[in-house]
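S.K.: show me the folded form of this:
(one chain, ligands or ions: 2)
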Amino acid sequence: MLHSHAFEIAPGVRLWSGALDASEQGLLVNDVLQRAQDAPFYRPQMPRSGKPFSVEETNFGSMGWYSDISGYRYEARHPLTQRAWPPIPEILLELWRKTTGYRAPPECCLVNLYRAGARMGLHQDRDEAALEAPVLSVSLGDDALFRIGGTTRKAPTKSIKLCSGDVLVFGGPARLAFHGIDRLVSGSSRHVPGGGRINLTLRRVAVPRE
Ligand code: MD3
Ligand code: FE
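M.R.: Ligands and ions are numbered 1, 2, ... in the order given. Okay, here's the model as predicted:
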């Protein structure tokens, strides 16, 4: 873990390229898929239109991010099983402590599963009360073309290739940046069984009490 140094690739965006080695990536993929057996992947829907996402999702932690026709929100239970989400893997909590220095642990690990052709349109993440907390992202499996811009939709964007084992922390001016996944480079990794990409994002949802 953290087998590299961080580079600030844009204001508030730190990248640890290859932070996890191949064996850690394999163990983490297995761990995630194991936990997802208790909290199966589902396809969220766009608010209002109900249009399904191309990305499949599940969550770990005390709160899970969810979207359906009624809107974006955090939920304490899986929408289909009504059970609590599985716990966040310890290695991710350790990554959070080592990279963010934030005073409280994350409550949510959103798991995004991209099969061939899945993408994520340009958006902001602002459903968390703790907007002063950074977001940590771990990429596993196929490479993806990630796009990040500014805090308005019109601001110029830049594209970065995210590879399996990369860890990014988005804080400060980047926390409310528009971002998305334009496409996968299908078949570029063998880490996800059946092919594709898994992205894990750790989020602090509530403002810590102290
Ligand atoms: C910058 N996920 O889950 S990770 C998301 O690869 C999301 O699945 C993408 O955007 C993915 O919301 C991108 C990088 C990322 C995640 C969250 C952010 C960048 C961020 C939140 C705020 C700013
Ligand atoms: Fe996002």
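
S.K.: quickly find the element holding G117.
M.R.: Per DSSP states H and E, G117 falls between elements, in no helix or strand.

S.K.: over to V29?
M.R.: Per DSSP H and E: helix 22-36 holds V29.

S.K.: and K154, by the same measure?
M.R.: Applying DSSP H and E, one finds K154 in no helix or strand.

S.K.: how close does it sit to ligand 1?
M.R.: Here the distance between K154 and ligand 1 works out to 17 Å (Cβ to the nearest ligand atom, to the nearest Å). Quick note: C-beta positions are derived from backbone N, CA and C, even for glycine.

S.K.: how many neighbours does the spatially closest residue to L20 that is not a sequence neighbour have?
M.R.: Of all residues beyond its chain neighbours, the one nearest L20 is G165 (4.2 Å), with distances taken as Cβ to Cβ, 6 or more residues apart in numbering. Residues contacting G165 under the criterion other Cβ atoms under 10 Å number 24.

S.K.: quick one, grab the pLDDT at G165.
M.R.: As predicted, G165 sits at a pLDDT of 98.

S.K.: that one should be in a strand, yeah?
M.R.: No. Counting by DSSP: H, G, I helix; E, B strand; the rest coil, G165 is not found in a strand; it is coil.

S.K.: any bit of stretch 112-132 sitting next to ligand 1?
M.R.: Yes. Applying Cβ under 6 Å from any ligand atom, one finds stretch 112-132 touching ligand 1 at N112, M120, D125.

S.K.: first to last residue in that stretch, what's the distance?
M.R.: Using Cα to Cα, to the nearest Å, one end of stretch 112-132 lies 23 Å from the other.

S.K.: what residues sit buried inside that stretch?
M.R.: N112, L113, Y114, R115, A118, M120, D125, D127, E128, A130 (16 or more other Cβ atoms under 10 Å).

S.K.: one more: stretch 83-93?
M.R.: W85, P86, I88, P89, L92, L93.

S.K.: which of the helices or strands spans the fifth one?
M.R.: What that stands for is L92. Per DSSP H and E: helix 90-100 holds L92.

S.K.: name the surrounding residues that touch that helix.
M.R.: With Cβ atoms under 8 Å, 6 or more residues apart in numbering as the test, helix 90-100 has contacts from 1-2, 6, 14, 16, 19, 24, 28, 31, 102, 105-106, 109, 133-134, 136, 138, 167, 169, 171, 200, 202.

S.K.: only the buried subset of these, as a ChimeraX command please.
M.R.: This is the ChimeraX syntax for the buried subset of those, where burial follows 16+ other Cβ under 10 Å:
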select :1,6,14,16,19,28,102,105,106,109,133,134,136,138,167,169,171,200,202
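
S.K.: for the closest residue to ligand 1 within the chain, give the beta-bridge partners.
M.R.: The minimum distance from the chain to ligand 1, using Cβ to the nearest ligand atom, falls at N199 (3.3 Å). Taking DSSP bridges as the rule, N199 bridges to N112, S139.

S.K.: surely it touches Y114?
M.R.: Yes. Here N199 lies in contact with Y114, judged by Cβ atoms under 8 Å, at a distance of 7.2 Å.

S.K.: okay then, goodbye and thanks.
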